[in-house]
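> quick one, fold the following:
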Amino acid sequence: MLMDAVFLARMQFAANITFHILFPSISIALGWLLLFFRLKYLRATDPQQKLDWLRAYRLWTKVFALTFALGVVSGVTMSFQFGTNWPGYMERVGNIAGPLLGYEVLTAFFLEAGFLGVMLFGHRRVGEIVHLGATVLVALGTLMSAFWILALNSWMQTPAGYEIVNGQFHARSWLAIIFNPSFPYRLVHMVLASALTCAFLLIGISAWQLLKGVATTSASRVLRTGLVFAALAAPAQMVAGDFHGLNTLKHQPQKIAAVEGIWETTRGAPLLLFAIPDDATRSNRFELPVPKLASLILRHDPDGELKGLNEFPSAHPPVLPLFWSFRIMVGTGILMLLVSWVGLWRHWRDGWEFSLMPRPLLKLFAGMTFAGWVATIAGWYVTEIGRQPFIVSGLIRTSEVASRVPSASIALTLAIYVTLYVGLLVAYVGVLKYMSEKPEKSSAAVTSEDLAQDPLRYQSRGEFA
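Purely as a prediction, here's the structure:
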């Protein structure tokens, strides 16, 4: 019964974090893109360009506000689950987890929540410098939020800087706790994941507007921005992912063994393009290997040795979900790289004129609107499932800190959570669809009057006064 309760509690937390991560994966990068739109608006000397960037800023500020709201709701629920489902976790590591979560609220959430209202309603009510400053602070807040949350998550993966007194964890060095061995890699990996997720959201919604014939001229500028952003972020993410993989191999070799489906310690391990790992027989079925490629990637030596799962009896994660989550993440990332590069090349070949973009390519863009979500969720599953059976790697097992709530109660609340999350997700996508198809309403009907009331007046020669 206890193991059933632990499994259901893990499922409930997985449902929550799956829903929650959708929104930070957009807002982290979108805050900085809004700053980019704002700067382009201020620097533009052509009235039409200025109007286009203002429309883009207002539309995507509303998208940011909607995303931020749902991220806050799901984040609060996830925090409550530390107490309801995992009370032993906070009893043992609360001295470390509590301050890090508190720093996130104090340094990040207040910035986002406090200045988002200025971004939404303050244009022409406050000065341009104040409004720009609000945008900077909101963008900084999203990054700081990722910083503190990933510091805690990374510490759970590679704990450092602690001491244990009477079974409780205490901080010996906050610098070592925050900048633990995996933190820099996870932070860069997550920021780039957000960049790709946000870029394809821009690409997809702009392409949908063009397909529906409702796009303003600002949609073309947003689409081009998304393509450039994705084309740069995708290869950078692959490089960051390689460094992250090497760091994981050093500190969590059992996770890499599960990702690669390696049961026995092997020299010259193959990369399995396809397989069905079987925990019962501790083997893989239907393998499709590329000889020595896993060792080449992970050891930079085709004959390098990789430890197998049998080296970690009763202390390695479940293999099948980890194996396939990783391949979904990588496969989606490769697809995003190819689509962004092909789209940018086609756009360049057409003389940067989007009216010449073929409809099948626009449909592909629209179909990949939420491709970043697929890769991000798969990546989070690799991270979180890969830590099992520990909640703090190598130190505290998940089963040790679970609550004694009856399984039936956890199952009931799990069903309620999933139902609510599905409804909220459908509503979120529906609102995005409405805003994309009604761009004039969604951007507050930006007109030339906005330019006439702009504090940065134009001189007759087209420069700022």
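
> packing partners of the helix or strand hosting Ala415?
Mapping Ala415 onto the secondary structure by DSSP states H and E places it in helix 407-437. Contacts defined by 3 or more CB pairs under 8 Å, 6 or more residues apart in numbering; DSSP states H and E place helix 407-437 against helix 2-21, helix 47-84, helix 183-212, helix 439-442. In short, each C-beta sits where N, CA and C put it, glycine included.

> ok and the first one relative to helix 47-84, angle-wise?
Which is helix 2-21. Comparing the axes of helix 2-21 and helix 47-84 via axes from the mean of the first three to the mean of the last three CA atoms, to 10 degrees yields an angle of 160 degrees.

> buried ones in whichever helix or strand comes after helix 2-21?
Later in the chain than helix 2-21, the nearest helix or strand by DSSP H and E is helix 24-43. Buried positions in helix 24-43, judged by neighbour count with 16 or more other CB atoms under 10 Å: 24-38, 40-42.

> show me the strands in the stretch 301-450 of the chain, by range?
Counting by DSSP state E, counting those that start in this stretch, the segments of the stretch 301-450 of the chain that form strands are 305-306, 390-392, 396-397.

> touching stretch 106-115 from outside, list them.
Around stretch 106-115, the neighbours that count as contacts under CB atoms under 8 Å, 6 or more residues apart in numbering are 27, 31, 68, 72, 134-135, 137-138, 140-145, 147-148.

> and for the closest residue to Asn16 other than its chain neighbours, the neighbour number?
Excluding its sequence neighbours, the residue lying closest to Asn16 (CB to CB, 6 or more residues apart in numbering) is Met78, at 4.8 Å. Around Met78 there are 15 other residues, counting by other CB atoms under 10 Å.

> what separation do you get for Met78 and Leu22?
When distance is defined by CB to CB, to the nearest Å, Met78 is 13 Å away from Leu22.

> low-confidence regions, the stretch 201-350 of the chain specifically.
Confidence mapping of the stretch 201-350 of the chain against pLDDT under 70 gives zero matching residues.

> in JSON lines, list the strands of the stretch 301-450 of the chain along with distance to Leu293 and mean neighbour count.
Converted to JSON lines, the strands of the stretch 301-450 of the chain look like this (distance: least, CB to CB, whole Å; neighbours: other CB atoms under 10 Å):
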{"stretch": "strand 305-306", "distance to Leu293": "11", "mean neighbour count": "17"}
{"stretch": "strand 390-392", "distance to Leu293": "29", "mean neighbour count": "21"}
{"stretch": "strand 396-397", "distance to Leu293": "34", "mean neighbour count": "18"}
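
> tell me which of those lies nearest to Ser436.
Proximity of those to Ser436 was assessed by CB to CB; the nearest stretch is strand 390-392, lying at 40.5 Å.

> what's that closest one in contact with?
With CB under 8 Å, 6+ apart, strand 390-392 has contacts from 86, 89, 93, 155-156, 159, 169, 315, 396-398, 400-401.

> and if you look at stretch 268-282?
Applying CB under 8 Å, 6+ apart, the contact partners of stretch 268-282 are 258, 260-263, 283-295, 297-298, 302-304, 306, 309-310, 318-320, 323.

> rerun at 7 Å
Contact with stretch 268-282 is made by 260-263, 284-295, 297, 302-303, 306, 310, 318-320, 323, as judged by CB atoms under 7 Å, 6 or more residues apart in numbering.

> give me the buried entries from those.
Buried members of those, scored by 16+ other CB under 10 Å, are 260-263, 284, 289, 292-295, 297, 306, 319-320, 323.

> among the helices and strands packed on helix 407-437, show me which one is buried the most.
Highest mean neighbour count of those: helix 183-212, a mean of 24 (counted as mean count of other CB atoms under 10 Å).

> roughly how far is that one from the heart of the chain?
9 Å (CA atoms, centre = their mean, to the nearest Å).

> how about stretch 362-376?
That offset, for stretch 362-376, works out to 14 Å (CA atoms, centre = their mean).

> go on, stretch 346-360?
A distance of 29 Å separates the centroid of the chain from that of stretch 346-360, by CA atoms, centre = their mean.

> repeat for stretch 395-406
How far stretch 395-406 lies from its chain's middle: 27 Å, per CA atoms, centre = their mean.

> residues touching that stretch, excluding its own?
Residues beyond stretch 395-406 that count as contacts (CB under 7 Å, 6+ apart) turn out to be 5-6, 9-10, 84-89, 92, 159, 388-391.

> and these, which two are furthest apart?
Ala5 and Pro159 (25.4 Å).

> look up how far Phe13 lies from the residue nearest to Asn16.
7 Å.

> and Arg299, by the same measure?
Using CB to CB, one gets 34 Å for the distance from Arg299 to Phe13.

> ok so, going back, give me the subset of the buried ones among the contacts of stretch 268-282 lying in strands.
Asn284, Pro289, Leu306 (DSSP state E).

> what about Pro99, neighbour count?
Under the neighbour criterion other CB under 10 Å, Pro99 is assigned a count of 16.

> which SSE is it in?
Element membership for Pro99, per DSSP H and E: helix 87-104.

> quick check: next helix or strand after that helix?
Taking DSSP H and E as the definition, the helix or strand that follows helix 87-104 towards the C-terminus is helix 110-121.

> returning to what we had before: so for the helix holding Pro99, what's the average pLDDT?
When the per-residue pLDDT values of helix 87-104 are averaged, the result is 87.

> heads up, I number from 2, so please use that
OK, 2 is where the count begins now, so the last one is helix 88-105.

> now Gln169. Nearest residue, chain neighbours left out?
Arg93 (5.7 Å).

> can you get me a residue count around that neighbour?
Other residues lying near Arg93 total 21 when counted by other CB under 10 Å.

> over to Leu23?
Burial measure for Leu23: 22 neighbouring residues, criterion other CB under 10 Å.
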